[in-house]
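Asker: Got a sequence here, can you build the structure:
(chains A and B)
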Protein chains: 2
Amino acid sequence: MSPSATPYRHFHDQLAALNARLLAMSERAEALVELSVEALLAKDTHKAQAVIDADAELDVMELELEAAALELLALQQPMARDLRFIVSVIKVTSDLERVGDHAVNIAQAALRLISQRTNIVPDPEIEDMARRARSMLGDSINAFLRADGVLARDVCSRDDQVDSLHESVFRILLTHMMADPRTINPSLEYLLVSRNLERVADLATNISEDAVFLAEGKNIKHGGGDPARVDTFSG
Amino acid sequence: MSPSATPYRHFHDQLAALNARLLAMSERAEALVELSVEALLAKDTHKAQAVIDADAELDVMELELEAAALELLALQQPMARDLRFIVSVIKVTSDLERVGDHAVNIAQAALRLISQRTNIVPDPEIEDMARRARSMLGDSINAFLRADGVLARDVCSRDDQVDSLHESVFRILLTHMMADPRTINPSLEYLLVSRNLERVADLATNISEDAVFLAEGKNIKHGGGDPARVDTFSG
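Answerer: All right, here's what the predicted structure looks like:
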């Protein structure tokens, strides 16, 4: 319960170090999403396996970041805005770890598709979703680290486009499956990929909501429209 | 940076109040999962709609709990174990809010199945999964609030059974879909239900991992086996 003996200057350095770690973790998470989609599109077993292997790094990064944040809370007992920032870092870190899990899910789907030797190619919507989800993720971390409410709100507004793309992918795949039952198995894999990309965009939106809170002190979670995350096959 | 002026006794009361709120939220989340599965099995539109309407309550509970936890951190500047507990409460709260989202997803699938007027009934595995996921959730919160490492580890060990049930459901549904393309649409809805139940069990496992950390100071996250959450259609 005693105030910290560490000078404020030191605290600032520690905060900066936390920022740098968070940025490194988000870049790694983003790179894994990119690599998983490359593995899928190029049917590249090595890339898929590389994603699966690299996920453990993100897990370690999460544990280290969380430990660093808790240490900062315990030793520095920060007030108000710094307190909120450090607690938010713990939440964002957990979101980034989930992004890694989604990349692994995509890589595993890629491996199964490769072993199925299917001729069915993914719809271009999937590449479009991957591009958008990754850019949302990068922008959400920048918005969070700079407490940039405008950029954060922009990220949130882009989530609907990814949701629409996911619904398009669902409808296209459903048509394939109905027309030819032999396509059911690979179609389900592409559906899984699409849903995982849609989740990455959701997580970027979560991070952006935390960024808006830091920037404006306003909680926009559960703000408008559908109370739950979109998770429909048929819209 | 000054130590709190509030007496320790007061802090203890505030911690107890936080516990009570968390328990209330978890009971509400568990009830919504139960109601959503009832809606699905009984094809009950009213129950499904009730789940969708009630989710907003959980969202409010999350915001209030998080605000209470942050206030406690700011005013009391707790040390070591209390600090870790309060930060964990924020994480558990976010997990419970996600449980509510999964209940909503199941309720929405129930509504779509009702509107499809399908004759296909869900496999008994789905009811079994729902029962197991709910009991894991209840036990995980009890383990967390009592810092009961034994119960928490027991919950973690039960996750594999739910994963296996999910894989069984997938295989059964795939067989249906292959045999008769008219079953594709309802089968996808049941697959979605199964996956959402599997996620509820994952979230109960997350909460139990936090409980083990509180009880034993040991981090068992990403402990053994598969680094990512199970998310496969085909195993």
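
Asker: any idea of the angle whichever helix in chain A runs longest forms with helix B:80-116?
Answerer: Assignment by DSSP state H gives helix A:80-116 as the longest helix of chain A. Inter-element angle recorded for helix A:80-116 and helix B:80-116: 50 degrees (by axes from the mean of the first three to the mean of the last three Cα atoms, to 10 degrees).

Asker: Run the contact check for helix A:80-116 versus chain B.
Answerer: Yes: judged by Cβ under 8 Å from any Cβ of the partner chain, helix A:80-116 and chain B are in contact via A:80, A:83-84, A:87, A:90-91, A:94, A:100-101, A:104-105, A:108-109, A:112. Glycine gets a C-beta too; all of them are placed from N, C-alpha and C.

Asker: Mind listing what's buried along that helix?
Answerer: A:82-114 (16 or more other Cβ atoms under 10 Å in any protein chain shown).

Asker: which stretches of chain A aren't confidently modelled?
Answerer: In the predicted model of chain A, residues A:1-9, A:222-235 satisfy pLDDT under 70.

Asker: Mind doing that once more with 50?
Answerer: Along chain A, segments meeting pLDDT under 50 span A:1-6, A:224-230, A:232-235.

Asker: how about the helices in it?
Answerer: Going by DSSP H, chain A shows helices at A:8-42, A:45-76, A:80-116, A:124-146, A:149-179, A:184-216.

Asker: who wins for proximity to residue B:158 among those?
Answerer: Nearest to residue B:158, of all the helices of chain A, is helix A:80-116, at 20.1 Å by Cβ to Cβ.

Asker: what angle separates that closest one from helix A:8-42?
Answerer: Here helix A:80-116 points in a direction 20 degrees away from that of helix A:8-42 (the same axes, to 10 degrees).

Asker: so what does helix A:80-116 touch, helix or strand wise?
Answerer: helix A:8-42, helix A:45-76, helix A:124-146, helix A:184-216, helix B:45-76, helix B:80-116 (3 or more Cβ pairs under 8 Å, 6 or more residues apart in numbering or on different chains; DSSP states H and E).

Asker: Now render these as CSV, adding distance to residue B:197.
Answerer: Shown next, in CSV, are the helices and strands packed on helix A:80-116 (distance: least, Cβ to Cβ, whole Å):
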stretch, distance to residue B:197
helix A:8-42, 25
helix A:45-76, 24
helix A:124-146, 25
helix A:184-216, 16
helix B:45-76, 14
helix B:80-116, 7
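
Asker: and of the ones you listed, who's closest to residue B:179?
Answerer: helix A:184-216 (10.5 Å).

Asker: Taking their axis directions, the closest one and helix A:8-42 sit at what angle?
Answerer: 160 degrees.

Asker: roughly how far is helix A:184-216 from the heart of the chain?
Answerer: Distance, stretch centre to chain centre, for helix A:184-216: 6 Å (Cα atoms, centre = their mean, to the nearest Å).

Asker: Quickly check: that helix near chain B or not.
Answerer: Yes: if you take Cβ under 8 Å from any Cβ as the test, helix A:184-216 does meet chain B, through A:184-185, A:188-189, A:191-192, A:196.

Asker: Go through the helices and strands packed on helix A:80-116 and pick out the most buried.
Answerer: helix A:184-216 (a mean of 24; mean count of other Cβ atoms under 10 Å in any protein chain shown).

Asker: between that one and helix A:149-179, how big is the angle?
Answerer: Using the same axes, to 10 degrees: helix A:184-216 against helix A:149-179 is 170 degrees.

Asker: Could you list every helix and strand that helix A:184-216 packs against?
Answerer: Against helix A:184-216 (3+ Cβ pairs under 8 Å, 6+ apart) you get helix A:8-42, helix A:80-116, helix A:124-146, helix A:149-179, helix B:149-179.

Asker: Using a markdown table, lay out those helices together with distance to residue B:31.
Answerer: Compiled in a markdown table, the helices and strands packed on helix A:184-216 are given as follows (distance: least, Cβ to Cβ, whole Å):
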| stretch | distance to residue B:31 |
| --- | --- |
| helix A:8-42 | 34 |
| helix A:80-116 | 25 |
| helix A:124-146 | 33 |
| helix A:149-179 | 28 |
| helix B:149-179 | 19 |
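
Asker: Just tell me which of these ends up closest to residue B:55.
Answerer: helix A:149-179 (17.6 Å).
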